[in-house]
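A.B. asks: Structure here, sequence nowhere to be found:
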Ligand code: IPE
Ligand code: MG
């Protein structure tokens with residue numbers, strides 16, 4: 001979800017107004033993803049490096065996350081959406097952590113779509129923590145994927161990423177699910193996140209479906 005700040009500046013608004021607009025987009029995209037039959041949707045809301053932003057912006061974002069979780073919980077429940085937070089939780093304000101736990105248990109039975117919101121998330125830190133948890137044991141690829149899910153409180157079974165859509169025009173992963181994206185299809189869109197809509201999501205999914213995924217195999221092997 002990149003581009004809230006730039007979108008706000010371009011419209012003569014404060015960065016917080018941009019994040020508010022980003023929340024409205026997130027709400028629309030979650031509902032659109034449910035309609036499109038997406039199984040798991042992960043929204044990258046706050047990376048571990050985002051703690052380095054001005055403290056006023058960080059505080060405003062933490063407040064926004066808490067308000068958003070409280071506001072969206074009922075809607076998720078009605079739509080059959082299971083909502084979980086991906087990332088380490090020990091550095092979140094305790095009020096937010098408490099809300100996260102409440103919303104996760106409230107929506108735990110949602111089976112139409114799993115919505116993961118990545119907050120204080122860093123793929124590299126997760127890999128370090130997962131490697132430490134291995135304690136020298138040999139671990140398979142699937143085993144490591146499970147370990148990563150465990151260190152970031154993710155639901156089991158852990159999944160690999162099929163498609164990454166990054167708004168805001170930048171073409172990079174910014175420490176997002178680096179292990180799970182080994183064979184992810186990447187799509188970079190120019191629109192800022194507050195401008196991204198259900199039609200853009202439908203186009204992204206159509207683009208994804210048109211791609212030929214080979215996972216290292218030769219084209220004729222994939223065809224058969
Ligand atoms: C994305 O918007 C949301 C968060 C990282 C919280 P940005 O805040 O990165 O917006 P830009 O990149 O400055 O436009
Ligand atoms: Mg940004």
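C.D. replies: Looks like it came in fine. Worth saying up front: this structure is predicted, and the values here are computed from it rather than measured. Ligands and ions are numbered 1, 2, ... in the order given.

A.B. asks: pLDDT wise, what is the residue nearest to residue 196 when sequence neighbours are not counted at?
C.D. replies: In space, residue 196 comes closest to residue 167 once its chain neighbours are excluded; the distance is 5.1 Å by CB to CB, 6 or more residues apart in numbering. (Glycine included, C-beta is placed from N, CA and C.) Predicted confidence (pLDDT) for residue 167: 98.

A.B. asks: how about the residues of this structure that lie near ligand 1?
C.D. replies: Residues of the chain lying close to ligand 1 (CB under 6 Å from any ligand atom) are 1, 2, 3, 4, 5, 6, 22, 45, 46, 50, 61, 168.

A.B. asks: Go ahead and confirm the third one touches residue 167.
C.D. replies: Yes: shown here, residue 3 and residue 167 form a contact pair, counting by CB atoms under 8 Å, at 5.3 Å.

A.B. asks: Now do the shared contacts for these two.
C.D. replies: Contact criterion CB atoms under 8 Å, 6 or more residues apart in numbering; residues shared by residue 3 and residue 167: 191, 192, 193, 195.

A.B. asks: what about the residue lying closest to the second one once chain neighbours are set aside, how many neighbours?
C.D. replies: In space, and not counting its chain neighbours, residue 192 is closest to residue 3: 3.1 Å by CB to CB, 6+ apart. When neighbours are counted by other CB atoms under 10 Å, residue 3 registers 25.

A.B. asks: if I pick residue 3, what's in contact with it?
C.D. replies: Contacts of residue 3 by CB under 8 Å, 6+ apart are 167, 168, 169, 191, 192, 193, 194, 195.

A.B. asks: Kindly state the pLDDT recorded for it?
C.D. replies: Per the predicted model, pLDDT is 98 at residue 3.

A.B. asks: How about residue 159?
C.D. replies: At residue 159, pLDDT is 83.

A.B. asks: for the closest residue to residue 33 other than its chain neighbours, helix, strand, or coil?
C.D. replies: Among residues not flanking residue 33 along the chain, residue 41 sits closest, at 4.6 Å (CB to CB, 6+ apart). Three-state assignment for residue 41 (DSSP: H, G, I helix; E, B strand; the rest coil): strand.
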